[in-house]
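K.L.:
Below are the sequence and a predicted model for it; my questions follow.
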Amino acid sequence: MKPLIFGYMRVPDDMSDEEVKRKQDGMTVYAEANGFVLATVHHEFADGRVDAFAETVEAIRRAESHHLLVPSYGDLAFSRALQDAMVLAAEHASVEVVSLEERA
């Protein structure tokens with residue numbers, strides 16, 4: 001049985017359904033190519049909120065998984081400092097954050 005990886009992404013009001021699908025498809029391709037099964041993708045719809053992020057980390061812990069996949073670190077937060085804080089919070093819960101895009 002392949003290990004689970006969970007997805008997380010922000011969905012701003014101006015993001016098209018096609019863009020959401022493209023990002024989710026990218027996460028599915030990554031998961032399959034790297035020996036994972038993409039369990040689910042949690043979506044954050046409100047700017048400045050991290051409720052779905054916290055739910056994702058908790059779901060990962062319940063499933064005894066250790067991997068969180070994001071399309072980019074920008075899906076965690078706009079600011080680098082907040083991105084770093086969210087990655088640290090995930091690591092504190094024994095969750096590794098993997099991004100499809102490298103950080104600038």
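P.N.:
Yep, it's here.
K.L.:
Just give me the neighbour total for residue 97.
P.N.:
Residues lying near residue 97 (other C-beta atoms under 10 Å) number 19. Every residue, glycine included, has its C-beta placed from N, CA and C.
K.L.:
Sorry, slip of the keys, the one I care about is residue 35.
P.N.:
Other residues lying near residue 35 total 9 when counted by other C-beta under 10 Å.
K.L.:
So which bits of the helix or strand encompassing residue 32 are buried?
P.N.:
Residue 32 is part of helix 17-33 when elements are defined by DSSP states H and E. Within helix 17-33, the residues that count as buried by 16 or more other C-beta atoms under 10 Å are 23-24, 26-28, 30-31.
K.L.:
which residues in this protein form helices?
P.N.:
For the chain, the helices defined by DSSP state H cover 17-33, 51-62, 80-92.
K.L.:
burial count for the closest residue in space to residue 89 that isn't next to it in sequence?
P.N.:
Sequence neighbours aside, residue 57 is the residue nearest to residue 89 in space, at 7.2 Å (criterion: C-beta to C-beta, 6 or more residues apart in numbering). Using other C-beta under 10 Å, residue 57 is surrounded by 23 other residues.
K.L.:
Adding distance to residue 39 and mean pLDDT as columns, could you present the helices of the chain in TSV?
P.N.:
Formatted as TSV, the helices of the chain follow (distance: least, C-beta to C-beta, whole Å; pLDDT from 0 to 100):
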stretch	distance to residue 39	mean pLDDT
helix 17-33	9	97
helix 51-62	8	95
helix 80-92	15	96
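K.L.:
With distance to residue 1 added, can I get those helices in JSON lines?
P.N.:
Putting those into JSON lines (distance: least, C-beta to C-beta, whole Å) gives the following:
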{"stretch": "helix 17-33", "distance to residue 1": "14"}
{"stretch": "helix 51-62", "distance to residue 1": "16"}
{"stretch": "helix 80-92", "distance to residue 1": "23"}
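K.L.:
which residues touch the closest residue to residue 98 other than its chain neighbours?
P.N.:
Distances taken as C-beta to C-beta, 6+ apart place residue 69 nearest to residue 98, at 5.1 Å, with adjacent residues excluded. Neighbour list for residue 69: 5-8, 27, 30-31, 38, 98-100 [criterion: C-beta atoms under 8 Å, 6 or more residues apart in numbering].
K.L.:
All set, thanks.
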